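Participant: here are the coordinates; sequence isn't available:
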């Protein structure tokens, strides 16, 4: 078998690649917590002190090659296994799929799934589901598994793979509200410095950006600042720099490979090749920023890794493109007339990836133990926030931050566990690999107030209190007149949590080989010409480039792609609605 892996764009059904969560869960008390701990200690391998090493192939480059050690390795050993990572690359993925030489566990691109099932590469998990108690105890699993049987089984009706991130998924790097990832944000202290002028449009944002950059053209160390920063490294399936431009205004970018933009408030998809499109307006906006000297001139040479520090180091006045800004430096502003869409629910799992076991694996017990761990919210808490007793601790059935954890949060730039130093000297670091449960699934621990603790501790209430207890946020409250971002959106009737387009990506079809060739050719044309338009030196040059791009796309078969995708979207809605009945 030989398959090709097209690069995937940002999976952004709700807001993005670094998400986390809150799910509905039954109130589980001390008995369930104790049972969970008994299951871990009952593992024969853990009891004997011997563990089996399983190989893991992740979905992206967030994990490095080698056996996972440190506190994560210790925790994995307590569950009866060790994990050796095969580092991700597109070339490695293609080699695995072509040769059939799989690791024990693999994060699998959905577009390759049918061929892998038909080729006998994946273990049928039907008879092993009862050995995944944490999956069975997730009340959302039944819906997700039924979806797997119907739409991720190569028409066999069996469970060959498990879903990822089922449940409520929201961005935990939040500032009182998860929807902040989709907001216009400014470097707030500089915005206050120029008098916090009111903004009534995205064009006003350019004027404010200009004033902010004039007030702070460089940092204290002499590093140049920018009005905004883009990156071309994220242009894989589409021109990714439209991501924040869309989300700031209630749209999503997920249909851009097919020349469509999604208005989540209206529940409609429309062509980007019209001058009425938000895409056209976005290119004009960025071109205006460029011609006014507000855009980082090196944007076209940036990738995500070089764009991020320019935001993290507070060099960017208004974050945009593919990355938002983070509190406490960057805080939200509502542009009148816009909508903010955010829906963190994920009942069917990730639209692009699933996880499966090598049918030829000799380490079945360890593989099943690993999968069950991925379905356990308590395991997500430990892998992200470290072993109990250091950053956080358990007092009976409730969990709290330790004094050292609270002290770290008081000074943390990211407002989370990142960089906290354990007694061993090891620092906590995000293991940014999807679990089967959503990142905000409710753990077995209580919060001391009758509620449950979310699996990602950076969303615990105490951290939210800390994150808002600073002068920048107090200034934000005084200037805006609102307690938090959610209150501002509600006052403007501008928050959308449900859309007629919810979840349809999960049920959309993949293009056939010929259609994919057309999509790829159009992507290359649109991406290249979009950058040219942003860097054009005059209005006339911009318009000439636009007209040429539209003409070239039409010549390549743009209308055929658009018509196919619109029909597929309607079919996806029908499938979604039938499954939810």
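Facilitator: Cool, the structure landed. Here the structure is a predicted model, which means the values were calculated and not measured.

Participant: Residue 189 and residue 472 touch, don't they?
Facilitator: Yes - Residue 189 lies in contact with residue 472 (C-beta atoms under 8 Å); the separation is 6.0 Å. In short, each C-beta sits where N, CA and C put it, glycine included.

Participant: Need the residues touching each of the two.
Facilitator: residue 329 (C-beta atoms under 8 Å, 6 or more residues apart in numbering).

Participant: Tell me where the model's unsure across the stretch 351-500 of the chain.
Facilitator: Applying pLDDT under 70 to the stretch 351-500 of the chain flags residues 413-414.

Participant: Which stretches in it count as strands?
Facilitator: 353-357, 392-395, 398-401, 442-446, 452-454, 495-496 (DSSP state E, counting those that start in this stretch).

Participant: Over to residue 82. Which of the three states is it?
Facilitator: strand (DSSP: H, G, I helix; E, B strand; the rest coil).

Participant: what's it in contact with, if anything?
Facilitator: 51, 52, 53, 54, 67, 68, 73, 76.

Participant: Return the closest of those residues with respect to residue 270.
Facilitator: When these are ranked by distance to residue 270 (C-beta to C-beta), residue 68 comes first, at 45.5 Å.

Participant: how about low-confidence regions in the protein?
Facilitator: 1-49, 169-178, 413-414, 580-581.

Participant: go with 80
Facilitator: By pLDDT under 80, the low-scoring segments of the chain are 1-49, 61-62, 168-181, 412-416, 430, 432, 467, 579-581.

Participant: so how far is residue 341 from residue 242?
Facilitator: Distance, residue 242 to residue 341, using C-beta to C-beta, to the nearest Å: 15 Å.

Participant: now do residue 531
Facilitator: From residue 531 to residue 341 the distance is 27 Å (C-beta to C-beta).

Participant: Which residue of these two possesses the greater neighbour count?
Facilitator: residue 341 (26 against 20; other C-beta atoms under 10 Å).

Participant: how about stretch 479-486: buried residues?
Facilitator: 479, 480, 482, 484, 485, 486 (16 or more other C-beta atoms under 10 Å).

Participant: looking at it, the second one is touching residue 488, isn't it?
Facilitator: It stands for residue 480. Yes - using C-beta under 8 Å, residue 480 is in contact with residue 488, at 6.0 Å.

Participant: before we move on, the earlier item: which of the contacts of residue 82 sits closest to residue 537?
Facilitator: residue 68 (50.7 Å).

Participant: hang on, that closest one packs against residue 76?
Facilitator: Yes - contact criterion C-beta under 8 Å: residue 68 and residue 76 qualify, at 6.6 Å.

Participant: Quick check: neighbours shared by those two?
Facilitator: With C-beta under 8 Å, 6+ apart as the test, residue 68 and residue 76 both reach 82, 83.

Participant: Looking at those two, which one has more neighbours?
Facilitator: Each of residue 68 and residue 76 has its neighbours counted (other C-beta under 10 Å); residue 76 has more, 25 against 19.

Participant: List the residues that contact the more buried one.
Facilitator: For residue 76, counting by C-beta under 8 Å, 6+ apart, the contacting residues are 51, 68, 82, 83, 370, 373.

Participant: Backbone torsions only: list them for the second one.
Facilitator: Read it as residue 68. phi -70, psi 120 (degrees, to the nearest 10).

Participant: List the beta-bridge partners for the residue nearest to it when sequence neighbours are not counted.
Facilitator: With sequence-adjacent residues excluded and distances taken as C-beta to C-beta, 6 or more residues apart in numbering, residue 68 is closest to residue 83, at 4.8 Å. Under DSSP bridges, the beta-bridge partners of residue 83 are residue 54.

Participant: Residue 83 touches residue 67, doesn't it?
Facilitator: Yes - here residue 83 reaches residue 67: they are 7.0 Å apart, a contact under C-beta under 8 Å.

Participant: Mind checking which of the two has more residues around it?
Facilitator: Neighbours were counted for residue 83 and for residue 67 using other C-beta under 10 Å; residue 83 has more, 24 against 12.

Participant: Identify the residues contacting the more buried one.
Facilitator: 53, 54, 55, 56, 67, 68, 73, 76, 370.

Participant: Which one of those residues is nearest to residue 160?
Facilitator: Distances from residue 160 to the contacts of residue 83, taken by C-beta to C-beta, are shortest for residue 370, at 16.5 Å.

Participant: can you count the residues close to that closest one?
Facilitator: Neighbour tally, residue 370, other C-beta under 10 Å: 24.

Participant: Quickly note the distance from it to residue 286.
Facilitator: 44 Å.

Participant: Which positions within stretch 139-148 qualify as buried?
Facilitator: Quick answer for stretch 139-148 (16+ other C-beta under 10 Å): 140, 141, 143, 144, 145, 147, 148.

Participant: doesn't residue 166 make contact with the first one?
Facilitator: Yes - applying C-beta under 8 Å, one finds residue 140 in contact with residue 166, separated by 5.2 Å.

Participant: Next, show the common contact partners of those two.
Facilitator: residue 347.

Participant: returning to that earlier point: now distance to residue 516 too, for the contacts of residue 76, in TSV please.
Facilitator: Converted to TSV, the contacts of residue 76 look like this (distance: C-beta to C-beta, whole Å):
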residue	distance to residue 516
51	42
68	35
82	39
83	34
370	33
373	36
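
Participant: Of the residues you listed, which is the nearest to residue 314?
Facilitator: residue 68 (33.2 Å).

Participant: ok, now which ones touch that closest one?
Facilitator: So residue 68 contacts 76, 82, 83, 84, 85 (C-beta under 8 Å, 6+ apart).

Participant: Residue 430 versus that one, what's the distance?
Facilitator: 13 Å.

Participant: Then residue 93?
Facilitator: Distance from residue 93 to residue 430, by C-beta to C-beta: 22 Å.

Participant: Enumerate the positions of the host helix or strand of residue 550 that are buried.
Facilitator: Per DSSP states H and E: residue 550 is located in helix 539-556. Judged by neighbour count (16+ other C-beta under 10 Å), helix 539-556 contains these buried residues: 542, 545, 546, 549, 550, 552, 553, 556.

Participant: Show me what secondary structure element comes after that helix.
Facilitator: That would be, after helix 539-556 and using DSSP H and E, helix 558-580.

Participant: quick one: that next one to helix 539-556, angle?
Facilitator: Calculated by axes from the mean of the first three to the mean of the last three C-alpha atoms, to 10 degrees, helix 558-580 forms an angle of 70 degrees with helix 539-556.

Participant: And the contacts of helix 558-580?
Facilitator: 143, 146-147, 150-151, 255, 258-260, 269, 271, 273, 500-501, 503-509, 511, 515, 518-519, 522.

Participant: Kindly recompute the last result at 6 Å.
Facilitator: Outside of helix 558-580, the residues within contact range by C-beta atoms under 6 Å, 6 or more residues apart in numbering are 258, 259, 260, 271, 503, 504, 507, 508, 509, 518.
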